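Chemist: Got a predicted structure here, sequence first:
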Amino acid sequence: MRNARPFGKASFGQDRIFWLIVAGLVLVYAAAQGNLVNLAFTLLGLVVAITVHECAHAWTADRLGDPTARQMGRVSLNPIVHLDPLGSVMMLVTAITGVGIGWGKPVPVSSYRLKYGSRLGGGLVSLAGPVSNVSFAVVLGLIWRLMPFVPYLSTALFVISLVNITIAMFNLLPLPPLDGFGVLMGLLSVFRGQWAWKLSEWFGQLQRFGPMLLILELVVTQFMGIPVLGWLIGPPTRFFQRVILGI
C-alpha cells in the first residue's frame, strides 16, 4: 500500500487559513461572553481527549498486527495528525454551547490483519480509545487531588480530566460509528452459541442506521428537552467523576 502524505507542518500550513478562522471565532465569541478562560480549557480538553483517543486506536491496531495507521503517521500525540476540520468546528460548537459532538479523523484499520480476528481484534482496537481517555483522566485527577491549588493550572487539570471521562463514556455507547459498537461486536464474537451469532447479525444490520440514531439522540436531547444522552451516559460519567476527581 502506498503511504499517505505525512502529516505535520505541511498539513498545518495548507490548512492555516481554516485554523486561523476557527481561532478568530473562538476569540471573538469568548471576548463577547467574557468567558475566555473556561472556553479555552474546555476546547483544550476536547483536543487533548480526541488526540489521546485516536492515538490509542492507532497504537493498538499496530500492536495487533495492522501497520496501516502507523504508516500514515497516526501513532502520534501531535493533535494536527488527528484533527478533522469539520469535527474541529463541531468541537468549538460543543465548547461554546455545551451540547454537540466533535470528532477526529477516523483511524484507518485493515481489520483482516488484526490478531484475534476482525471482530475481536477490532473490538480491542475500539476499546483502546475509551480506556486511554479514562487512564489519562486518572493521571490528571491524581495530580489535581495531590497538588496544592494553583490558579489556572488546577482548573485546567480538572476540566481536561472531566472532558476525558465524558468522551470515554460517550464513545462506549453501542451505536455505530462509536467505539461501543465495536466493543459489543467483539464481545459477541467470543461466544460460540447461535444466540450470539443471531444477536451480532441483528446489530450488524443496525450499522447503516447508526449515524442517524446518534443524530436523533442529540436532537431529542437538545430540542425536545428529553435528556436521553444524560440518561445513557450520566450514571457512569458521575461514577468515574466520584472515583477519579472525588466530586
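Modeler: Perfect, I can see it now.
Chemist: so which strand or helix has the spatially most central residue of the chain?
Modeler: With the centre of the chain defined as its mean C-alpha position, the nearest residue by C-alpha atoms, centre = their mean is Ile50, 4.6 Å away. Using DSSP states H and E, Ile50 maps to helix 36-63.
Chemist: which non-adjacent residue is nearest the residue nearest to the centre of the chain?
Modeler: Once flanking residues are discounted, Ile50 sits nearest to Gly104: 4.3 Å by C-beta to C-beta, 6 or more residues apart in numbering. For every residue, glycine as well, the C-beta is placed using N, CA and C.
Chemist: Likewise for Thr166?
Modeler: Thr237 (5.7 Å).
Chemist: From Phe136, how far off is the one you found?
Modeler: 15 Å (C-beta to C-beta, to the nearest Å).
Chemist: sorry, back to before: off-centre distance for the helix holding Ile50?
Modeler: Relative to the centre of its chain, helix 36-63 is centred 7 Å away, using C-alpha atoms, centre = their mean, to the nearest Å.
Chemist: List the buried residues in that helix.
Modeler: Across helix 36-63, burial judged by 16 or more other C-beta atoms under 10 Å covers 39-62.
Chemist: Then stretch 66-79?
Modeler: Taking 16+ other C-beta under 10 Å as the neighbour-count basis, stretch 66-79 is seen to contain the buried residues Asp66, Thr68, Ala69, Gln71, Met72, Gly73, Arg74, Val75, Ser76, Pro79.
Chemist: Averaged pLDDT, that stretch. What do you get?
Modeler: The average pLDDT within stretch 66-79 is 96.
Chemist: Now do the end-to-end distance for that stretch.
Modeler: Taking C-alpha to C-alpha, to the nearest Å, the first and last residues of stretch 66-79 lie 22 Å apart.
Chemist: returning to that earlier point: so the residue nearest to the centre of the chain makes contact with His82?
Modeler: Yes - applying C-beta atoms under 8 Å as the test, Ile50 and His82 come out as touching, 6.2 Å apart.
Chemist: can you tell me which of the buried residues of stretch 66-79 are in strands?
Modeler: Counted as lying in strands by DSSP state E, out of those, is not a single one.
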